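>>> Model the structure of this input:
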Amino acid sequence: MQKPYLIDFPRIGASDIGYISVSESARAVPFEIERVFWTYYTPESIVRGRHAHHATAQVLVAVSGRILVTTEMPDGEIMVFVLESPSQGVYIPPHVWHTMQYSHTAVQLAFASTLYDEADYIRQYDDFRQQWPPLNS
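Modelled structure (predicted):
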C-alpha cells in the first residue's frame, strides 16, 4: 500500500517578479484530476478532515498560510506534514485516515482523483479501524 508523501511542484520565477507553480498531465499529481475544491477561513481551533476514502486519492496544497496534515495508515503508522509553501503538496492515497488543522490565513487547494461520492467516505474512525485493523493488534 502506498504511503502519503510530499510533492514539490516546480517553482518558476524570482522574488522580484513573483512565482508560478504548475502541474501538467499528472507529472506532479500522480492521478488524473477529476475534482478540485478549496477550504478557507477555517478557525485555528477546528480539526477538519477526520475521514478516509475507499477509492479517492488527493493532493492537498496550502496556497496560503500553514496547514498541519496528520495521516494514519491502515497499519497504524502516523505521519505529520506541515504545508506552508504553495509549491509543495501532500499526496494522500485511498485508505488513509487524515485530519487537517489550519492557520487562520490558510487556503487549502485539493486535487481529487474522483468525483464527489458520499459512499466513498469513511467518516467514523471506528469504522476505519474495523476495515483496516492495525497489523500489530
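
>>> List phi and psi for the residue most central in space within the chain.
Nearest to the mean C-alpha position of the chain, by Cα atoms, centre = their mean, lies residue 60 at 3.6 Å. Dihedral angles of residue 60 (phi, psi; degrees, to the nearest 10) stand at phi -110, psi 140.

>>> so it makes contact with residue 70?
No - Residue 60 is beyond contact range of residue 70, at 11.7 Å (criterion: Cβ atoms under 8 Å). Every residue, glycine included, has its C-beta placed from N, CA and C.

>>> which residues do these two both contact?
residue 100 (Cβ atoms under 8 Å, 6 or more residues apart in numbering).

>>> Which helix or which strand is home to residue 126?
Using DSSP states H and E, residue 126 sits in helix 125-131.

>>> Kindly spell out which helices and strands sit in contact with that helix.
Contact partners of helix 125-131 among helices and strands, from 3 or more Cβ pairs under 8 Å, 6 or more residues apart in numbering; DSSP states H and E: none.

>>> What lies in contact with that helix?
So helix 125-131 is contacted by 50, 52, 74, 97, 122 (Cβ under 8 Å, 6+ apart).

>>> Turn these into CSV, columns for secondary structure, neighbour count and distance to residue 90.
Output for the contacts of helix 125-131, formatted as CSV (DSSP: H, G, I helix; E, B strand; the rest coil; neighbours: other Cβ atoms under 10 Å; distance: Cβ to Cβ, whole Å):
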residue, secondary structure, neighbour count, distance to residue 90
50, strand, 14, 16
52, strand, 26, 15
74, coil, 17, 17
97, strand, 21, 14
122, strand, 20, 19
